[in-house]
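K.L.:
the sequence and its predicted three-dimensional model are supplied below.
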Amino acid sequence: MSGITMTISEQILLEKCREIELLCKELYDYFAGLYSDNEDAVRLWSKTASEEANHAAQFTMALRLINDLPCIILVDATRVESVILQFKGLIAKIKSAPPKLVDALGSSIKLEKYLAEFHLGCVAMFEDDSYRKMFNAMMSSDKEHVESLQAAYDKLTIAKDRTFTS
């Protein structure tokens with residue numbers, strides 16, 4: 001694979017993957033503002049949004065190094081475009097009918113699980129070890145997002161259960 005550079009279609013797919021990360025960031029920034037009266041929620045949403053921005057920056061870096069970064073794209077363009085359209089629809093729906101915090105957490109957990117599966121199964125395979133490790137780290141951070149969102153969800157629902165049973 002040495003000496004091979006990305007094709008235009010591979011570049012476009014990486015740009016689309018970056019767009020997905022930026023849509024995640026947009027959603028989490030929106031949630032941070034929506035639940036601004038809850039310090040823990042703001043911290044969680046802001047941290048997760050920042051990590052999504054970092055993921056987008058990794059795709060940006062890959063695109064800048066395009067000629068020095070041979071890789072094999074493992075995702076179908078139609079699937080990536082479908083994810084983007086679904087994401088945009090989700091964001092529009094959430095903005096028109098903002099969910100309760102517990103519902104936002106539940107939806108975000110499902111979203112992050114989906115994205116973790118999406119990333120693991122189909123983004124890109126890089127020839128260079130350092131880039132492969134960087135993108136693998138990005139993919140594993142999806143798991144950390146799920147864990148932190150799940151912890152917040154559990155804390156909120158347990159607190160709610162105690163309120164109703166007390």
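P.N.:
All right, it came through fine.
K.L.:
what is the burial count for the spatially closest residue to Thr48 that is not a sequence neighbour?
P.N.:
Distance criterion CB to CB, 6 or more residues apart in numbering; nearest residue to Thr48, sequence neighbours excluded, is Tyr28 at 4.8 Å. (C-beta placed from N, C-alpha, C; glycine too.) For Tyr28, the count of nearby residues is 25 (other CB atoms under 10 Å).
K.L.:
cool, Leu105 as well?
P.N.:
Leu105 has 25 neighbours, counted by other CB under 10 Å.
K.L.:
do Val83 as well
P.N.:
Here the number of neighbours of Val83 (other CB under 10 Å) works out to 19.
K.L.:
can you say which helix or strand has it in it?
P.N.:
Assigned by DSSP states H and E, Val83 belongs to helix 77-96.
K.L.:
go through the helix or strand following that helix and flag the buried ones.
P.N.:
Tracing the chain past helix 77-96, the next element assigned as helix or strand by DSSP H and E is helix 101-122. By 16 or more other CB atoms under 10 Å, the buried positions in helix 101-122 come out as 101, 104-109, 111-113, 115-116, 118-119, 122.
K.L.:
hmm, back to that, the residue nearest to Thr48 contacts Ala53, correct?
P.N.:
No: if you go by CB atoms under 8 Å, Tyr28 and Ala53 don't touch, sitting 9.5 Å apart.
K.L.:
give me the below-cutoff pLDDT ranges for the chain.
P.N.:
Low-confidence segments of the chain (pLDDT under 70): 1-10, 66-76, 118-132, 134-140, 142, 159-166.
K.L.:
which parts of it are strands?
P.N.:
In the chain, the segments counted as strands under DSSP state E are 71-73, 124-126.
K.L.:
which one of the buried residues of helix 101-122 is nearest Ala92?
P.N.:
For the buried residues of helix 101-122, the minimum distance to Ala92 (CB to CB) is 13.8 Å, reached by Ser107.
K.L.:
mind listing what the closest one touches?
P.N.:
Neighbouring residues of Ser107 by CB atoms under 8 Å, 6 or more residues apart in numbering: Leu90, Ile94, Pro99.
K.L.:
in CSV, list those residues along with distance to Leu44 and neighbour count.
P.N.:
Below are the contacts of Ser107 laid out as CSV (distance: CB to CB, whole Å; neighbours: other CB atoms under 10 Å):
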residue, distance to Leu44, neighbour count
Leu90, 19, 14
Ile94, 16, 17
Pro99, 15, 15
